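Asks: make a model of this:
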Amino acid sequence: MNYSLRSNVAVEPAIGGWYAWSYLIPPHTLARFIHNRFIPIIESYLEDPQVHAMAVKQPKMHGGPWVHAYEHYDQIKSWYESVRGRYDKPLELFEAIKQLEEKILPSYTGESLDSVYQQLPLALEGRIEVFYGRDNRTPDYRFIEPLMYASDYYDKSLQQVRFREITEDAREFALTTPILEYTDRELIVDVPLDSPLLDTLFRGGLSERDLTDLEQHLSIPAERSTLFRSYFEAVPTGKNESKTSETGGDRMEYVGHASVYAQYEGTTFLVDPVLSYGGYEGAAEGKFSYDDLPASLDYVLITHNHTDHMLLETLLRIRHKVGTVLVPKSSTSSMVDPGLARIIRHLGFVDVVELDDMDTRACGSAQVTALPFLGEHGDLQIRTKAGWHLRFGEKSALFAADSTNISPTMYAKVAELIGRVNTVFIGMESIGAAASWIYGPLFSTPLARRSDQSRRLNGSNFDQGRDIVDALDPDEVYTYAMGLESWMGNLMAIDYDESHPAIIDSNALTDYALSKGRTSKRLFIRETLPL
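Replies: Coordinates of the predicted model:
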């Protein structure tokens, strides 16, 4: 008998005590989130926990800056007192960036920027480049990201994982609550997120000696050994790999939210992997879980750098299976658009390939092209986004994710280059969060409420989706990426009913596509789609 992690055990990544997502990896964006979001949340909670207790129970306030584990006041207070000193370096970096943005750069209005480099705070010396925009009056800057990661502001000792059992599909919103051991069945382990020990953990098939070695390398305290071992189950030798057979035939499988698994002539693909757990009573019938993945994933494709498409919890769990990760090309190295490929490499992935607009790559017998992706990013200069066009022989599929068709002729021009598309997946969260919900901590000055509400993180509405369908002339039209599955609750805070604009818009697009003789539906939980 060998040992493998039980199917319902989540291993949640954390950085600085908070649920880890991609913007907490670069030291400069982490500094902004610690100062501008996490500290205000925790200090607000400690001042008046009852406000948080009431807020998390009101649907209209879901996803707001509230601590959900409000009943653990003494534990959270003790944790914050212990961790505050570990925020010193990020806060030092925050102050350096603030000085650059608020004091140094505003004094330049067109003259040479050479003298800026002599004024830089120590934390930024040799690690940024300054330049003017095309108006020749407004200075800006970019990070030299490899040098930021090489500095002592990138502190992997802040990285952890928390083991806990999943007992139901629905999960509590995770992005605003410290990751602590709230029950005696939870265990936090200090480990860098790029550590090969995590691959050993997730790969499974561990002998008794392997499990003992893993326990020692992870520095599990002796008094927590029984708990740690309880997360594993004994399985017969040779039965440690997943159920899905790589010889099961060419197909696509929708597996929840924006995640789609595809297999073509022996090559496997997983788009926007955000997977759920199995192995517990009450799991959604027929859902696709980690257990359903094949032994290897040749290609993982990420459309954009939002948590519900680029989820560290899933990526770390499947890292040992993954061959190549395809991501949109990053080009700004700015505060709001850090390099995604570099983030993923700092998560321990080795083969990460960037594709720019209309770049094409052969992937086995298939062909992958990165298509332009407009909108959904608060009108910020963010280049890290792409729709993926996969050509499987004579057929093709477009994973448009949350691309918003705000430029009505763009897809028609794309179609002139790629031809008609057989299957289109369109994200239709037509009323998204305000821009500050994600990017607020990164802004140098707060965005006025009126502007914030107008610059929402929307997917396509009906009119925009209809124009995509008309431009690409697909046989099949599927709406997805709406946060409908209950296991998306830890990342998204959406409460749908039939009157919600996203439901109305997606229903309308389905009806429109059906009226044109196409196959169409709104996807939910799981759907097998033949190629």
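Asks: got the phi and psi for the residue nearest to Phe373 when sequence neighbours are not counted?
Replies: When the adjacent residues along the chain are set aside, Phe373 lies closest to Lys385, with 3.9 Å between them (C-beta to C-beta, 6 or more residues apart in numbering). C-beta: built from backbone N, CA, C; applies to glycine. Dihedral pair for Lys385: phi -160, psi 140, per degrees, to the nearest 10.
Asks: which residues touch Lys385?
Replies: 303-305, 328, 373, 376-377, 401, 403 (C-beta atoms under 8 Å, 6 or more residues apart in numbering).
Asks: quick one: pLDDT of it?
Replies: On the pLDDT scale, Lys385 is placed at 97.
Asks: distance of it from Asp356?
Replies: 11 Å (C-beta to C-beta, to the nearest Å).
Asks: please apply the same query to Ile344.
Replies: 17 Å.
Asks: overlap in contacts of Lys385 and Asp356?
Replies: Common neighbours of Lys385 and Asp356 (C-beta under 8 Å, 6+ apart) are Pro328.
Asks: was I right about Ile418 contacting Val368?
Replies: No: the criterion here is C-beta atoms under 8 Å, and Ile418 misses it with Val368 at 11.5 Å.
Asks: the two: which is more packed in?
Replies: Taking neighbours as other C-beta atoms under 10 Å, Ile418 and Val368 compare with Val368 leading, 20 against 17.
Asks: show the contacting residues for that one.
Replies: 299, 301, 326, 355, 360-362, 388-391.
Asks: who does it bridge with?
Replies: Arg361, Leu390 (DSSP bridges).
Asks: look up how far Phe399 lies from it.
Replies: In terms of C-beta to C-beta, Val368 sits 10 Å off from Phe399.
Asks: give me the common contacts of the two.
Replies: With C-beta under 8 Å, 6+ apart, Val368 and Phe399 have common neighbours 301, 388-390.
Asks: where in the chain is pLDDT low?
Replies: By pLDDT under 70, the weakly predicted segments of the chain are 238-248.
Asks: follow-up on the earlier one: quick one, which of Ile344 and Asp356 is more surrounded?
Replies: Neighbours were counted for Ile344 and for Asp356 using other C-beta under 10 Å; Ile344 has more, 25 against 13.
Asks: picking up where we left off before, okay, and the beta partners of the residue nearest to Phe373?
Replies: With DSSP bridges as the rule, Lys385 is bridged to His304.
Asks: tell me who's in contact with Leu105.
Replies: 116, 130, 139-141.
Asks: give the buried subset of those residues as a PyMOL selection command.
Replies: Buried subset of these, written as a PyMOL selection, criterion 16 or more other C-beta atoms under 10 Å:
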select buried, resi 116+130+139+141
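Asks: from the contacts of Leu105, which is closest to Phe202?
Replies: Tyr141 (38.6 Å; C-beta to C-beta).
Asks: that closest one reaches Glu129, doesn't it?
Replies: Yes: contact status for Tyr141 versus Glu129: in contact at 6.4 Å, counting by C-beta under 8 Å.
Asks: buried ones in stretch 413-421?
Replies: Within stretch 413-421, the residues that count as buried by 16+ other C-beta under 10 Å are 414-415, 418, 421.
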